[in-house]
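Novice: how would this look folded up:
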Amino acid sequence: MASINDYQHSLANPEQFWKEKAETLAWFKFPEKILSTNEQGFYRWYEGGQLNTSYLCLDYHVETGRGEQAALIYDSPVTNTIMEFTYRELRDKVAVFAGLLASKGVVKGDTVIIYMPMVPEAVVAMLACARLGAIHSVVFGGFAPHELAIRIDDAEPKVIVSASCGIEFDRVIPYKPLIDQALKEATFEPDYHIVLQRPMALAELRSDREVDWNQALESVEPHTYVPVDAWDPLYILYTSGTTGKPKGIIRDNGGHAVVMKYSLQAVYDTNPGDVFWAASDIGWAVGHSYIVYAPLISGCTTILFEGKPIRTPDAGTFWRIIEQHKVKTFFTAPTAIRAIKKEDSEGKLFEKYDVSSLKYLFVAGERCDPATYEWVSDLLKIPVIDHWWQTESGSPMLANMAGVGLKPVKPGSSSTPVPGYDVQIMGENGELLGPNQEGYVVIKLPLGPGCFPTLWKDDERFRKGYLSKFEGYYLTGDGGFKDDDNYFYIMGRVDDVINVSGHRLSTGEMEEIVAANTVVAECAVVGIADKLRGQRPIALVVLKDGRNISREDLEAELVKSVRETIGAISYFKTVVLVKRLPKTRSGKILRKIIRNIADDVPFDIPSTIDDPAILTEIKEVLKSHQIGLEFEMD
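Specialist: Alright, predicted model coming up:
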């Protein structure tokens, strides 16, 4: 059980603190040493411990009386399907699919790439890998063949598991041609490709190495769980890197399992039997942690949602799911809330549903601007909790911890550090900064359990990218500040700080001002090159539906607001209206790409982009404003 003194305890006695949390799990062999350093000098947790994550998620609950409780609810408005799986049913499906993987030669330590949409079989495949001690790497279904090829060559999977297609709104996307193209481009060749046939678009299987999922299951036996070491990898999750080559974030089995169970209760106030919904995708860290592993390890019911916050069928779909499945805790990205706000700014669709089961809304994935916070807070009239973490951490590092006791909310802040994270603000020369001084967000080592111990097959990149700038600290790559109450404000990636005539200014602060305007649905403020001032800010703005205002009038309003708050030193004078903003699939706005387009700087289109076509749209709009005239798309 979490307590108000957990944070101080975790910093003063980290080994004792995390030993206590580990004792809540069913280990096969309890760790011999809680905190160690390995041969590379990196910190590691729970040396000598043995467990199995799939056992903790499934078998343990069947053995202890939760076998008939709902483990997973699949809600797919795009296929008009709702299915419920008990812990016993999910365990049995996982055991049989683990048997199929084993029959194809998959053993402990092998890698498996999972390229699937948000269907129950994707969760089954993840847990089946964990059952065998194999390492899964989930890649978004529909990802570009080139990016999939890079991941195939890096992970070297024995097997690829996929579906025949995915569904985006009313569009069916066949996956097999994408995988075939990726395999042509990749140099590494997996032994087998297992395909889940979906009726919307069947895949043509042309060799014995291409296996029909359901047909193959008829001839295999269930496979039991395989004990693994705490340090053994559970999964690899690729995230974009500055070099264009994706970084393989490793998650180990031991520390991950401990922090999944602890964080769900302490941060999210979600306990066995509760219904938890993370409206994310299993291709993201949020999906791994809080769709699959944390809820199932904790004995909760988790929602697997195949759809979007809007247009499946409308901006009320989130509220329908919360009512229908009695969701207690909901986790989504601010961009999803902004999409709903844009289409239903008056909350008329919301009024159709009874969401009284909902106790908390958590938002993360990007900074939640105060305007979005105020809108959804007024709508739901429950605690709306902005918290901050990264793919690298796997769980929250800053949060208003509902399971401990909520603190006052400060809009724009991700609140205070969670146990295990000594978060600080540091200046360029390595000096620790005091309240209200903006700098690098860093974390004193060791990082808590569940954080990535290194990168897949690349210790040097791990050391250079995260540990080398400030001795003894992890560099998060984000900038921000803390206030007098130790509340932290994450203002975005460090390269989002712009320099206007020698003044270091936060585009995040300007975005707050722009987003507060009543006609603005969402926005991005970026610094573009200026020969006289070094940089100057421009705002790209998406209007709320039905709001009619000329660009010139809105620009005048916003320039006035920014000048009144920040001053003329900001040199904020340009507003550009766009229909949509370039984003990653998780909803992060690609501000650096916008800046590169404006500044005519070549760039690699990131593998995580939601729709590459939008970059051409942005180019044309900026060109019409005589911004980035010389840019030519590669």
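Novice: got any ranges where the stretch 351-500 of the chain has weak pLDDT?
Specialist: 495-496 (pLDDT under 70).
Novice: okay, now T317: neighbour count?
Specialist: 22 (other Cβ atoms under 10 Å). (Glycine included, C-beta is placed from N, CA and C.)
Novice: In contact with it, which residues?
Specialist: Residues in contact with T317 (Cβ atoms under 8 Å, 6 or more residues apart in numbering) are P77, G307, K308, P309, I310.
Novice: The same query, at a cut-off of 10 Å, please.
Specialist: Residues counted as contacts of T317 (Cβ atoms under 10 Å, 6 or more residues apart in numbering) are D75, P77, A279, F305, G307, K308, P309, I310, R311, I340, L349, Y353.
Novice: before we move on, which element is K93 in?
Specialist: Per DSSP states H and E, K93 falls inside helix 87-103.
Novice: Skip ahead from that helix and say which helix or strand is next.
Specialist: Remark: after helix 87-103, the chain's next helix or strand is strand 111-116, criterion DSSP H and E.
Novice: circling back to that earlier point, among the contacts of T317, which one lies nearest to P602?
Specialist: K308 (32.0 Å; Cβ to Cβ).
Novice: so how far is P77 from the closest one?
Specialist: In this view, K308 and P77 are 9 Å apart by Cβ to Cβ, to the nearest Å.
Novice: next one: C300
Specialist: Distance from C300 to P77, counting by Cβ to Cβ: 22 Å.
Novice: Counting neighbours, go ahead and name the busier of these two.
Specialist: Neighbours per residue, other Cβ under 10 Å: of C300 and P77, the larger number sits with C300, 25 against 19.
Novice: Okay, that one and I73: tell me how far apart.
Specialist: 11 Å.
Novice: Give the intersection of the neighbour lists for these two.
Specialist: With Cβ under 10 Å, 6+ apart as the test, C300 and I73 both reach V275.
Novice: farthest residue from the center of the chain?
Specialist: L532 (38.7 Å; Cα atoms, centre = their mean).
Novice: any idea which element it lies in?
Specialist: With DSSP H and E as the criterion, L532 is inside neither a helix nor a strand.
Novice: So for the spatially closest residue to it that is not a sequence neighbour, what's the pLDDT?
Specialist: Once flanking residues are discounted, L532 sits nearest to S501: 7.8 Å by Cβ to Cβ, 6 or more residues apart in numbering. pLDDT for S501: 73.
Novice: With the one 4 residues further on instead?
Specialist: At L505 the predicted local confidence, pLDDT, stands at 77.
Novice: so what's it bridging to?
Specialist: I498 (DSSP bridges).
Novice: Just confirm it contacts A568, I think it does.
Specialist: No. With contact defined as Cβ atoms under 10 Å, L505 does not count as touching A568 (11.9 Å).
Novice: Look at these two and report which has more neighbours.
Specialist: L505 (24 against 10).
Novice: For L379, see how far away the more buried one is.
Specialist: 32 Å.
Novice: Same check on D212?
Specialist: 46 Å.
Novice: who's more crowded, these two?
Specialist: L379 (21 against 16).
Novice: That one touches L358, doesn't it?
Specialist: No. The criterion here is Cβ under 10 Å, and L379 misses it with L358 at 11.2 Å.
Novice: can you list residues touching both of those two?
Specialist: W319.
Novice: Domain-wise, how is the chain divided?
Specialist: Domain assignment for the chain, taken from automatic domain parsing, gives 87-226, 501-624.
Novice: Return the most buried member of these.
Specialist: domain 87-226 (a mean of 20; mean count of other Cβ atoms under 10 Å).
Novice: gap between it and the chain center?
Specialist: 21 Å (Cα atoms, centre = their mean, to the nearest Å).
Novice: Where does P31 sit: helix, strand or coil?
Specialist: coil (DSSP: H, G, I helix; E, B strand; the rest coil).
Novice: Cross-reference the contacts of T317 with the helices and report the matches.
Specialist: I340 (DSSP state H).
Novice: can I get the contacts of T317 in JSON lines with distance to W27?
Specialist: Converted to JSON lines, the contacts of T317 look like this (distance: Cβ to Cβ, whole Å):
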{"residue": "D75", "distance to W27": "34"}
{"residue": "P77", "distance to W27": "40"}
{"residue": "A279", "distance to W27": "32"}
{"residue": "F305", "distance to W27": "32"}
{"residue": "G307", "distance to W27": "38"}
{"residue": "K308", "distance to W27": "40"}
{"residue": "P309", "distance to W27": "39"}
{"residue": "I310", "distance to W27": "44"}
{"residue": "R311", "distance to W27": "45"}
{"residue": "I340", "distance to W27": "42"}
{"residue": "L349", "distance to W27": "47"}
{"residue": "Y353", "distance to W27": "42"}
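Novice: Which one of the contacts of T317 is nearest to G41?
Specialist: For those, the nearest to G41 is A279 (39.2 Å; Cβ to Cβ).
Novice: isn't the closest one right up against T332?
Specialist: Yes. When contacts are counted by Cβ under 10 Å, A279 is listed as touching T332 (4.2 Å).
Novice: Common neighbours of those two, please.
Specialist: V286, F305, P309, F318.
Novice: and G49, what does it touch?
Specialist: 22, 25, 27-34, 228-231, 253-255, 257-258.
Novice: how does it look with 6 Å?
Specialist: G49 makes contact with W27, P31, A230, G254, according to Cβ atoms under 6 Å, 6 or more residues apart in numbering.
Novice: For the residues you listed, which PyMOL command selects only the ones that are buried?
Specialist: Provided next is the PyMOL selection string for whichever of the contacts of G49 are buried by 16 or more other Cβ atoms under 10 Å:
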select buried, resi 27+31+230+254
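Novice: Inside helices: which ones of the contacts of G49?
Specialist: Using DSSP H, those in helices are G254.
Novice: that's a strand at Y293, yeah?
Specialist: No. With three-state DSSP as the criterion, Y293 is helix rather than part of a strand.
Novice: before we move on, back to that, which one of the contacts of T317 is nearest R580?
Specialist: Nearest to R580 among the contacts of T317, with distances taken as Cβ to Cβ, is I310, at 12.1 Å.
Novice: Now that closest one: phi and psi?
Specialist: The phi/psi pair for I310 (degrees, to the nearest 10) reads phi -130, psi 160.
Novice: Next, the contact list for it, please.
Specialist: Applying Cβ under 6 Å, 6+ apart, the residues near I310 are A339, E343.
Novice: so where's the stretch 101-250 of the chain shaky on pLDDT?
Specialist: 240-244.
Novice: Going by residue numbers, what spans are strands in it?
Specialist: Counting by DSSP state E, counting those that start in this stretch, the segments of the stretch 101-250 of the chain that form strands are 111-116, 135-140, 159-163, 165-168, 171-174, 192-196, 210-212, 228-229, 233-239, 247-252.
Novice: Many thanks, we can stop here.
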